[in-house]
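S.K.: make a model of this:
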Amino acid sequence: MQPLIELKNIAFGYGKTPVVKDIDLHIHPGQFAALVGPSGAGKTSLLKLILGTLQPTHGQITMNGVSLQGRNKPRVGYVPQLETVDWNFPVTVGQAVLMGRIRNATLWPWPSRAERQLVAEMLDRLDLGGLINRHIRDLSGGQQQRVFLARALIAEPDILVLDEPTSGVDMRTAENVLHLLADLNQQGMTILITTHDLNAAAAHLPWVICLNRTIIAQGPPEVVFTEAILNETYQGDMLVLRHEQMIFVHQRPHGHTYHDILPNPVLGHALANATTLDSVENGTMMAEIDAMLQEQDTENQEGQNELVRTLPV
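M.R.: Model (predicted):
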């Protein structure tokens with residue numbers, strides 16, 4: 001199968017500062033993949049190279065076998081990070097989505113009836129039909145994400161590229177966004193995203209690319225999410241637990257609690273009111289807190305030990 005997007009020995013940097021190097025990557029039609037890696041690893045720069053807004057200093061990028069260097073522009077639908085959008089810009093939901101048709105624009109400055117109908121259908125498809133005339137700043141985080149997803153889809157792209165689509169939203173909204181992307185992928189859309197949420201990637205993405213200036217590893221999460229690969233990717237001490245075909249990834253817990261670095265913390269309002277001034281002066285309150293936390297630590301340790309005993313060897 002010919003790759004939809006192919007990066008051959010790509011390098012890019014700003015001046016003498018390298019950002020990515022030795023990148024060899026294939027994205028195939030119908031693939032759903034995620035770029036993961038620490039901040040500054042080059043994930044967003046790699047997306048911009050695919051978009052054509054940055055040009056590599058070395059190597060070649062092709063789409064369907066055609067080089068993207070020069071005037072050739074890829075048919076890519078792009079969804080930026082929510083944090084980068086000016087939500088006070090005076091534009092409605094319908095107008096924002098219509099911006100995705102710029103590639104197909106004619107000399108006539110107003111949208112055609114067919115384009116307005118296409119916008120309405122796209123908004124209905126993403127459950128935004130009743131919000132067409134609402135200002136984009138008046139939407140929830142999940143709605144804002146879907147508006148920019150609609151803007152990308154209405155361009156009829158060959159590939160959908162999203163920069164941290166689950167950043168800045170709550171857990172339920174993030175889950176809904178990933179399920180929506182999975183539905184679009186099932187309908188044939190090729191999708192590439194960046195994300196910092198390794199657990200969400202493990203649960204939703206069939207292909208993961210670990211990046212830190214260069215590609216460390218790529219493959220299904222059950223293959224590449226190992227402590228060795230993630231330690232090399234994040235230059236840290238990562239913990240990977242596997243239980244009943246689920247993968248849990250976290251930075252290995254610190255060997256201390258906040259007591260060790262803040263032995264006399266300023267107390268919260270509720271706790272302060274529940275304790276008499278005499279107990280504070282006599283130090284009994286801190287002893288009570290220490291006893292309570294030691295008990296919780298013991299319970300947590302027992303729970304972790306039980307989990308480890310149930311994990312397959």
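
S.K.: pull the number of nearby residues for the closest residue to Leu123 other than its chain neighbours.
M.R.: Spatial nearest neighbour of Leu123, excluding adjacent residues (C-beta to C-beta, 6 or more residues apart in numbering): Gly129 at 5.0 Å. Every residue, glycine included, has its C-beta placed from N, CA and C. Gly129 has 13 neighbouring residues, counting by other C-beta atoms under 10 Å.

S.K.: hang on, Gly129 packs against Val97?
M.R.: No - with contact defined as C-beta atoms under 8 Å, Gly129 does not reach Val97; the gap is 11.5 Å.

S.K.: mind jotting down where the helices sit in the stretch 151-300 of the chain?
M.R.: For the stretch 151-300 of the chain, the helices defined by DSSP state H, counting those that start in this stretch occupy 171-186, 198-204, 221-224, 227-234, 258-261, 269-273, 277-282, 284-310.

S.K.: for the record, mean pLDDT for stretch 247-261?
M.R.: For stretch 247-261, mean pLDDT rounds to 85.

S.K.: same question, stretch 150-158
M.R.: The average pLDDT within stretch 150-158 is 91.

S.K.: with stretch 23-30 instead?
M.R.: So the average pLDDT for stretch 23-30 ends up being 96.

S.K.: cool, stretch 210-220 as well?
M.R.: Stretch 210-220 carries an average pLDDT of 97.

S.K.: pull out the buried positions in it.
M.R.: Using 16 or more other C-beta atoms under 10 Å as the test for burial, stretch 210-220 gives Cys210, Leu211, Asn212, Arg213, Thr214, Ile215, Ile216, Ala217, Gln218.

S.K.: swap in stretch 235-254?
M.R.: With the criterion 16+ other C-beta under 10 Å, stretch 235-254 contains buried residues Met238, Val240, Ile247, Val249.

S.K.: which of these lies closest to Pro206?
M.R.: Ile247 (12.9 Å; C-beta to C-beta).

S.K.: need the contact list for the residue lying closest to that closest one once chain neighbours are set aside.
M.R.: Excluding the flanking residues, the one nearest Ile247 by C-beta to C-beta, 6+ apart is Ala202, at 4.1 Å. Counting by C-beta atoms under 8 Å, 6 or more residues apart in numbering, Ala202 touches Val208, Pro221, Glu222, Phe225, Met246, Ile247, Phe248, Val249.

S.K.: does Glu232 touch Arg213 like I think?
M.R.: No - using C-beta under 8 Å, Glu232 is not in contact with Arg213, being 11.4 Å away.
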